[in-house]
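> Test case, fold it:
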Amino acid sequence: METASISDELMNYRAREVRETKNIQLARKLIKILDTSDYEAMKMIFVENFKLYWGSKDEPISLQDFIPVHKMFYSAFPDYTHTIEDIFASGNYTVARILLTATHKNEFQGIPPTHNKIAYKSIQILEIHEDKVKNAYIVEDEMTMMQQLEMELKMREVIE
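Here you go, the predicted structure:
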């Protein structure tokens, strides 16, 4: 292999490593912004046409659609906190395994406050373009959260 080719390959590797490190830093910054409910900073960290793919929903939502959902969660769970347990980047994608913790202090989707402490997991994949989040793909263990809020899963009656 030629020295120039090896040198080019090494430069490409280093550039990718720098980009991936910056992407991890951006993901960490985003988590802090979510937990401080800094909506102006939130607007700056996402591209203009940001899309959020949440759970099994086929249709993504925009940042403008996400902000009221965020406010609803942090109203019901004022101490809602994301703790990154693992994080890595590959190319333009950053993946984090997150522990979500909170205390249910106010009404949440019709559920009166239980004052229960909840803890559940989330996997968040961020697609980053030019130092901003372009798309986010989030899957959360909402079943565990609902059980900790004392909700019961019941079978639907089957009508024959």
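> partner strands of the helix or strand in which residue 122 is found, parallel or antiparallel?
Counting by DSSP states H and E, the element that carries residue 122 is strand 117-129. Paired strands of strand 117-129, with direction, are strand 93-103 (antiparallel), strand 132-140 (antiparallel) (DSSP bridges).
> Format the ones you listed as a markdown table; extra columns: mean neighbour count, mean pLDDT and distance to residue 30.
Any C-beta I mention is one placed from the backbone N, CA and C, and that applies to glycine too. Listed next are those as a markdown table, based on neighbours: other C-beta atoms under 10 Å; pLDDT from 0 to 100; distance: least, C-beta to C-beta, whole Å:
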| stretch | mean neighbour count | mean pLDDT | distance to residue 30 |
| --- | --- | --- | --- |
| strand 93-103 | 18 | 98 | 9 |
| strand 132-140 | 17 | 96 | 6 |
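> what are the ranges of the helices in this structure?
3-36, 39-45, 63-76, 142-148 (DSSP state H).
> which other helices and strands contact the first one?
Using 3 or more C-beta pairs under 8 Å, 6 or more residues apart in numbering; DSSP states H and E, the elements in contact with helix 3-36 are helix 39-45, strand 81-90, strand 93-103, strand 117-129, strand 132-140.
> For residue 156, see how far away the residue sitting nearest the centre point of the chain is.
In the chain, the residue lying closest to the centroid (C-alpha atoms, centre = their mean) is residue 124, at 4.5 Å. In this view, residue 124 and residue 156 are 31 Å apart by C-beta to C-beta, to the nearest Å.
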